[in-house]
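> Quick one: sequence plus predicted model below, questions after.
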Amino acid sequence: MAKRRKSKSSSPKTSKTKPAKKAAAVAGIQAWQDDPMGLPAVPRPVPNLNQAPLKFKVNGPAVAPGVYPIGTPQFRYWTAAEAVRRGGDFWASKGINKWHSSVGSSLRIGLDEGVDLNAYYDRAHLAFFHDTIKGKNIFSGESPDVVCHELGHAVLDAHRPQLWGAPYIEVGSFHEHTGDASAILSALQLPGVRTAALSGIKSDKASGLSHLAEQLGWAIRQSSPADADPDCLRNAWNKFKYVDPNTLPPYAPAKQLCAEVHSFSRVFTGAMYEILSGMLAIISSSPKADDLLKLADDYATLFIDATASAPVKPNFYAQVAARMIDADTARFQGKYRQALTTAFVNRNILSAHVVAPVAKVPKTMQRAAAAFATAPPAHSETHKVVLPAKALGMMKGDIIVRAPVKITPSMTASMAELRSGEGQQADAERAAQHFVAMLAANGRIATDGQPTRGMAARATGRGRTKLHTHRLVKTREGLELERVRFLCGCRRWWF
């Protein structure tokens, strides 16, 4: 693995390659590979944003292709365009062939929506921001890690739109995990990233690939050191293990696990990185960098299969994990079972007695698993949860939360599903209450008079925007909780 060139106290460089005085007259561009504080910029083909099936459109005037100096608006335009095109092509190869219906035919990209250290997906576009930290101009849309993270939200929303409004901490956290997974899998499409990442994945150690959004993490640490990892925003190589998120505090320093969705997402992302290491050892006893292409492809196949069928429940992590093992049985005849079960059991996402290894998967089980993995998810029953707003320190009246309840057993972990309808409703009520409490504690719910789309209300100090993930909509039954976006920003650092 190539050695990272940044320390905890380092500042972002303005460039890593010798800037050109003007755009070079060549049929290509240059772009970051993972992050402005990661690997150096490299030449890349000109991305076609209008290429089907996943099309993109950057807001504002188009920029002529060329090799522009790092730090210029033209360079930022093309490095963001290259990242979404690369990520879009990867997910299209896994069967994602259209955006959510509210997006339309092309996913719009706002490269600079105002002053903030943030980014979001809102079922209309990907929005990115800028800020100046210690004299350095930080653009969240310049980092392929951040761009492909937000792209991941759009991909999962297109694939499983039922997850958008589910009021469960594990569902929101899994959406954030998907963003980080998208950044990792999209980055592995580049030869330079594969070369740099091979040693770390092979030995299950931290690597440039596991360090996500280094520049944004650096910027956040300058004003709030406890709210990002020491060398990036979030490290996919971590030791966090699953605990019931409803028992965790709503926020905590980055070194601790809490119920806030970006924090809790690290449990599944850590499992993913561990799984990648185990899968690579199965692919080859002496892996080469290009083996990481197959690794990314096979993992994404399992991910897409599992998320297609996993029922939307409070214990969503276990639902997806069990169905990844089912998908491996169906797709690869149990080839990766050991890697999957080891990681999920190590992280306490699944119990060991539920996923005991098998020496050989019978053909009858393979056929059954294949049929199960390709079956559509069961119909959801929506359970109305009524929460007193005053108890959450918000306002008078009630908050209505629509909580999905499904009864769909997994072949791998059916024992975890043996709950009565009343028991599942009780689980949904408890999970929804903790989810809303977490949102309220982190200031994620827009109150009366606060805009929720486009540029949000200005927060105090330095002209930053204050963004929310949810709003309350007046109905005859009370104020109903509604999601408006997924934010990149973690915990409370933007306040």
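Structure's in. What do you need? Residues are numbered from 1 along each chain as shown.
> Only C-alpha atoms from now on, for both contacts and neighbour counts.
Fine.
> okay, now the residue lying closest to M438 once chain neighbours are set aside: neighbour count?
If the residues on either side of it in the chain are set aside, M438 comes closest to P250, at 4.8 Å by CA to CA, 6 or more residues apart in numbering. Other residues near P250 come to 22 when the count uses other CA atoms under 10 Å.
> surely P250 meets V261?
No: using CA atoms under 8 Å, P250 is not in contact with V261, being 9.2 Å away.
> rewinding a little: surely the residue nearest to M438 forms part of a helix?
No: with DSSP: H, G, I helix; E, B strand; the rest coil as the criterion, P250 is coil rather than part of a helix.
> pLDDT at it, what is it?
Looking at P250, its pLDDT reads 95.
> Show the contacting residues for R444.
Listed by CA atoms under 8 Å, 6 or more residues apart in numbering, the contact partners of R444 are L467, H468, T469, H470.
> If we ignore the residues flanking it in sequence, what's nearest L439?
Closest residue to L439 apart from its sequence neighbours, by CA to CA, 6+ apart: I445 at 6.3 Å.
> ok, the one you found - how many residues close by?
24.
> got it, and P287?
15.
> quick one: secondary structure of it?
When classified by three-state DSSP, P287 comes out as coil.
> List the residues that contact it.
P287 is in contact with K202, L280, A281, counting by CA under 8 Å, 6+ apart.
> ok, now how distant is the first one from R444?
Just to be clear, that refers to K202. Separation of K202 from R444 (CA to CA, to the nearest Å) stands at 39 Å.
> Same question for S105.
S105 sits 29 Å away from R444, taking CA to CA as the criterion.
> for the stretch 351-495 of the chain, which spans come out with low pLDDT?
Low-confidence segments of the stretch 351-495 of the chain (pLDDT under 70): 356-380, 391, 394-395, 406-423, 448-465, 489-495.
> Going along the chain, name the helices of it.
For the stretch 351-495 of the chain, helices defined by DSSP state H, counting those that start in this stretch occupy the ranges 363-374, 421-441.
> By neighbours, which of the contacts of R444 wins?
L467 (30 neighbours).
> need the contact list for F139.
Under the criterion of CA under 8 Å, 6+ apart, the neighbours of F139 are D112, L117, F128, F129, H130, D131.
> Can you tell me which of those residues lies closest to P53?
F128 (23.2 Å; CA to CA).
> per-residue pLDDT, the closest residue to the closest one other than its chain neighbours?
When the adjacent residues along the chain are set aside, F128 lies closest to A119, with 4.5 Å between them (CA to CA, 6+ apart). pLDDT for A119: 97.
> Output the contacts of P287 as TSV; include the columns pLDDT and neighbour count.
Output for the contacts of P287, formatted as TSV (pLDDT from 0 to 100; neighbours: other CA atoms under 10 Å):
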residue	pLDDT	neighbour count
K202	98	21
L280	98	24
A281	98	17
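> so of these, which ones are in helices?
Residues of the contacts of P287 located in helices (DSSP state H): K202, L280, A281.
> Surely S351 and A343 touch.
No: assessed by CA under 8 Å, S351 is found out of contact with A343, at 11.0 Å.
> more crowded one of those two?
With neighbours defined as other CA under 10 Å, S351 and A343 compare such that A343 has more, 23 against 16.
> Would you agree the more buried one is in contact with V267?
No: in this structure A343 lies outside contact range of V267 using CA under 8 Å: 10.7 Å.
> how many neighbours does S223 have?
By other CA under 10 Å, neighbour count at S223 equals 12.
> Contact partners for it?
S223 neighbours (CA under 8 Å, 6+ apart): none.
> So, low pLDDT: which residues of the stretch 201-350 of the chain?
Using pLDDT under 70, nothing in the stretch 201-350 of the chain is flagged.
> how about the helices in it?
Counting by DSSP H, counting those that start in this stretch, the helices of the stretch 201-350 of the chain are 214-223, 261-283, 291-309, 316-332, 337-346.
> right, and the ones you listed - which one's nearest V155?
Distance to V155, taken as CA to CA, is lowest for helix 291-309 among the helices of the stretch 201-350 of the chain, at 10.2 Å.
> The stretch 351-495 of the chain: strands as residue ranges?
Assignment of strands within the stretch 351-495 of the chain using DSSP state E, counting those that start in this stretch yields the ranges 381-388, 398-405, 445-446, 470-475, 478-483, 486-487.
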